[in-house]
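K.L.:
I would like to see how this sequence folds:
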Amino acid sequence: MLKTTPTTEFLARALDVSALRQSVHSANIANATVPGFHRLEVRFDQVLERVTLAAAQGSSGREVSAATPNAAVVSTSSEVKLDEEVAAMAHNALRYQTLLTALQKGGALLRMAIREGRE
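P.N.:
Next comes the predicted model:
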């Protein structure tokens, strides 16, 4: 079994949250013309606060793995503004690409260490 580093675990979680944000932005855009639809938003603050509190109390770290980003999707009272939603979606896509690049570079460093710098 391959153990992950805290950095790899963090990047994987951040990718999960970014993918969730992309889904929420897509849902908002798809439902923008639906009467009575309120914009959805990802608010990860409460989940992060719970995990941080558990970590401060000396827990084993399972709370980080168990923290589900889906619990952070909430409905707001505002309507969807397409231009803002598309801009937020583009910003999130850039964040996702950056996180993915960081994860790939970590894998490349691990491969280099395994091969002892050869190749």
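K.L.:
which helix of this structure spans the most residues?
P.N.:
Looking across the chain with DSSP state H, the single longest helix is helix 82-114.
K.L.:
Which parts of it count as buried, going by neighbours?
P.N.:
Buried positions in helix 82-114, judged by neighbour count with 16 or more other CB atoms under 10 Å: 85, 88-89, 92, 95-96, 99, 102-103. Just so you know, the C-beta spots here come from the backbone N, C-alpha and C atoms, and that holds for glycine as well.
K.L.:
Have a look at the protein and report the helix or strand with the lowest mean pLDDT.
P.N.:
One helix or strand of the chain scores below all others by mean pLDDT, DSSP states H and E: helix 62-66, with a mean of 53.
K.L.:
any low-confidence regions in this protein?
P.N.:
In the predicted model, the chain carries pLDDT under 70 at residues 1-3, 55, 58-71, 117, 119.
K.L.:
redo that, cut-off 80
P.N.:
Counting by pLDDT under 80, the chain has low-confidence residues at 1-5, 44-71, 107-113, 116-119.
K.L.:
what about Ser78, helix or strand, and which?
P.N.:
Under DSSP states H and E, no helix or strand contains Ser78.
K.L.:
do you know how far it is from Leu40?
P.N.:
10 Å (CB to CB, to the nearest Å).
K.L.:
so how far is stretch 91-111 from its chain's centroid?
P.N.:
Relative to its parent chain, stretch 91-111 has a centroid offset of 13 Å by CA atoms, centre = their mean, to the nearest Å.
K.L.:
And for stretch 12-26?
P.N.:
The mean C-alpha position of stretch 12-26 is separated from the chain mean by 5 Å, CA atoms, centre = their mean.
K.L.:
next one: stretch 106-119
P.N.:
Worked out by CA atoms, centre = their mean, stretch 106-119 lies 27 Å from the chain centre.
K.L.:
Check which residues of the helix or strand harbouring Val17 are buried.
P.N.:
Element membership for Val17, per DSSP H and E: helix 6-30. Going by neighbour count (16+ other CB under 10 Å), the buried part of helix 6-30 is 8, 11, 13-15, 17-18, 20-22, 24-25, 27-28.
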